[in-house]
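Undergrad: everything below, folded, please.
(one chain, ligands or ions: 1)
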Amino acid sequence: MPPHPVRLLLINPCPPESFWSFAWAMDRVMAPQRALNPPLGLATLAGLCPDHWDVTIVDEAVETIPDRPDADIVGICGMGVQHTRQRELLGRYRRQGYYTVAGGSFASLCPEQLTDLADTVVAGEAETIWPRFCADFEADRPQASYTEAGAVDITEVPVPRFDLLSLERYATASLQFSRGCPYQCDFCDIIVMFGRRPRTKAPEQIGRELDALRAQGADSAFFVDDNLIGNKKVAKELLRYLADYQKRHDYPFLFGTEASLNLAQDPEMLSLFREAGFGWVFLGIETPDVESLRAAGKMQNTKADLLDSVHTLYAYGIDVFAGFIVGFDNDTPEAFENQHRFIMNAGIQVAMVGLLTALPRTPLYERLEQEGRLRHDVAPGDNTGGHTNILPAGMSYRAMVSGYTALYRRLFSDRGIARRIRNKVRHLRQPAGRGGQSPQRQRLLLRRILWHGVLSGGPGRWLRFGQTLACPPRLWPQVVSDWVRGLSMRDYVERHFKEVPARTWHRARKVWASLNRRFAATVERGSLTAELEATDSGPGLNVRLRGALDRTFFTAGQRHLRRLLRQPGSHLTLRIETVYQHQREALIRFLERLAAYRDRLSVSIGDQAREQLGHELARLGLVQGTEEVVTS
Ligand code: SF4
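TA: All right, here's what the predicted structure looks like:
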């Protein structure tokens, strides 16, 4: 035990960029905000620590993580998409001698994948097992793992330590009312983790959490519940409480949450949502194809017309964000057109379309494993990145990925953004919430979106922006928000889902063929291998160096490879197995020339090469990630 109160550093690793990062909006429009939501799980964990512990939270998404923190324990959480970074950080802090703890949803689903790097793995809900770990640590007998197999009672959970978060850096604060969902969608890991019987906090607990958020200056709050209306009776009690709370405090908050689509069939619930000040709801619509919904077990979405349901929410002044999935067994290439038509007609701007992904321990995962339709070379995680771990039944994998990226390009053209706004405001009643951004903040956002988004888009975009303002002025804040979201998602699409022109493929084939021809003797000896493959993002050339190379390779070969790298969408993977001393300088110059294209270059090195080159690769900015693979 340290001779002072235990110092605990909790870290939320930065997830890889995705649609959810809204990177363009955060960079150009939303400052000082830098991310959507704070790490609520870590604030909850901090609230469960003994009062005398000295706890710090660092969220790598909005701030830099410390190199040598004053801490006795470093706890690192993570969802599936953060898994790689979580492992990197665990390894780094453990090598520095800190006591490391891993937790979060990935640790709960796959604890065995973290035991090699964490001194303790905490799996499952933390409310009971975390205080046990704290007591054991103080008694100098911490265990290697703490597992909560059951479902904890959340009526006694203390208020999260919101004071440890820099809330001004997030678009919205967050809190949680319930865990669990009564439905049975076969791809969902929520019910695997939290069960099917929704457990809820008491409304008064939520009142105390809102008091704490107000004390930190928050003006909007996201209920992170996966389905706030999983238990309708209790949800209505909460909503009545919230409506009263808002009234008593002069409407300090704009609320948002996630809910199942049957919300649209309950007028009483909708009125309560409106009275409580909910400005938006995220719905898992998934697909307009009823057969796919049935096959996935998403029966609650088959009870009413989907488009009518969205319009009903608009009529109560509630904006709709929605999740969609392509890749169901019933999906053929026509599915993309159906999804596009539905999303456009529904006017849903934040349309998070993802490829069907099989998450471990879900019924979908088990079925596809039995059918031999899982790709084990792709980690399940972010399903909006253009790759997934399933093999579809109704089309080829490539057709699915290219249909998916084409769908996004269509949705986020200027025309697509503007048409969806017009289709929405036609049905949207004035939002009920009086909380949220102040008029000054709204004017600032308008100026920024005009300057950074609209004016720079040229006359076509000016016209479309003007057309979307042809609605009652009370809806203009909604129009501006939709442009911010739409342009941000468009920026992501432009950077990640670029259409690869035919000439890029043509040039990649030429480079590959000329490399093999020009260095035929080296290839023959086995010192050089060059293989061209089609990747999701374009042509990928895999080059392996494992012996003495011709002197000319470092000059002529480098010119060939740069010709490939100059083509957007192409990618070079360079594997260096061995480095001969007499060729070391030439190899470094070779890498220096290629490093200009480091965003399209991955370099991995063998043990012998690491000793010779590790330092130089770091100098060139080609080192990131694990020690096994050095990747730019
Ligand atoms: S409704 Fe949502 S949270 Fe509930 S099981 Fe289906 S996907 Fe999961």
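Undergrad: hang on, residue 174 in a strand?
TA: Yes - assessed by DSSP: H, G, I helix; E, B strand; the rest coil, residue 174 belongs to a strand.
Undergrad: how deep is it tucked in, by neighbour count?
TA: Here the number of neighbours of residue 174 (other CB atoms under 10 Å) works out to 26. The C-beta positions use only the backbone N, C-alpha and C, and glycine is treated the same way.
Undergrad: tell me the confidence at it?
TA: Confidence at residue 174, expressed as pLDDT, is 97.
Undergrad: thought it was touching residue 225?
TA: No - Residue 174 lies out of contact with residue 225 (CB atoms under 8 Å); the separation is 10.1 Å.
Undergrad: most distant residue from the centre of this structure?
TA: Farthest-out residue of the chain from its mean C-alpha position, per CA atoms, centre = their mean: residue 521, at 46.7 Å.
Undergrad: tell me the SS of it?
TA: What three-state DSSP gives for residue 521 is helix.
Undergrad: what does residue 122 give?
TA: Three-state call for residue 122 (three-state DSSP): strand.
Undergrad: and it, what are its bridge partners?
TA: Bridge pairing for residue 122 (DSSP bridges) gives the partners residue 146.
Undergrad: do you know the pLDDT at it?
TA: What the model reports as pLDDT for residue 122 is 97.
Undergrad: ditto for residue 568
TA: pLDDT, residue 568: 69.
Undergrad: related to what we said a few turns ago, the residue farthest from the centre of the chain is in contact with residue 552, isn't it?
TA: No - at 10.9 Å, residue 521 does not count as touching residue 552 under the criterion of CB under 8 Å.
Undergrad: what residues does residue 61 make contact with?
TA: 12, 14, 15, 34, 35 (CB atoms under 8 Å, 6 or more residues apart in numbering).
Undergrad: count the neighbours of residue 575 for me.
TA: Number of residues near residue 575 (other CB under 10 Å) recorded here: 17.
Undergrad: how far is stretch 540-557 from where the chain is centred?
TA: 37 Å (CA atoms, centre = their mean, to the nearest Å).
Undergrad: I should have written stretch 451-460 there, sorry.
TA: On CA atoms, centre = their mean, the centre of stretch 451-460 falls 28 Å from the chain's centre.
Undergrad: just the buried positions in that stretch, please.
TA: If you call a residue buried by 16 or more other CB atoms under 10 Å, then stretch 451-460 has these buried ones: 452, 453, 454, 457.
Undergrad: out of those residues, which one sits closest to the ligand?
TA: Nearest to the ligand among the buried residues of stretch 451-460 is residue 453, at 32.4 Å by CB to the nearest ligand atom.
Undergrad: got a list of what the nearest residue to that closest one once chain neighbours are set aside touches?
TA: In this structure, residue 453 finds its nearest non-sequential neighbour in residue 487, 4.6 Å apart by CB to CB, 6 or more residues apart in numbering. Residue 487 makes contact with 24, 25, 417, 449, 453 under the criterion CB under 8 Å, 6+ apart.
Undergrad: tell me the mean pLDDT over the helix or strand hosting residue 487?
TA: Residue 487 belongs to helix 476-496 when assigned by DSSP states H and E. Taken as a whole, helix 476-496 has a mean pLDDT of 92.
Undergrad: what kind of secondary structure is the nearest residue to residue 91 once chain neighbours are set aside in?
TA: In this structure, residue 91 finds its nearest non-sequential neighbour in residue 117, 5.1 Å apart by CB to CB, 6+ apart. Following three-state DSSP, residue 117 is assigned to coil.
Undergrad: check residue 540 too.
TA: Assignment for residue 540 (three-state DSSP): strand.
Undergrad: what about it, distance to the ligand?
TA: Plainly put, residue 540 is 34 Å away from the ligand if you go by CB to the nearest ligand atom, to the nearest Å.
Undergrad: what of residue 503?
TA: Taken as CB to the nearest ligand atom, the span from residue 503 to the ligand is 42 Å.
Undergrad: ok, how many other residues are close to that residue?
TA: Residue 503 has 9 neighbours, counted by other CB under 10 Å.
Undergrad: next up, the contacts around it.
TA: Residues near residue 503 by CB under 8 Å, 6+ apart: residue 567.
Undergrad: in a helix, it, correct?
TA: Yes - secondary structure of residue 503 (three-state DSSP): part of a helix.
Undergrad: check which residues of the helix holding residue 487 are buried.
TA: For helix 476-496, by 16+ other CB under 10 Å, it's 477-493, 496.
Undergrad: same thing with stretch 595-612?
TA: Residues of stretch 595-612 classed as buried: 595, 597-598, 600-606, 609-610, 612 (neighbour count, 16+ other CB under 10 Å).
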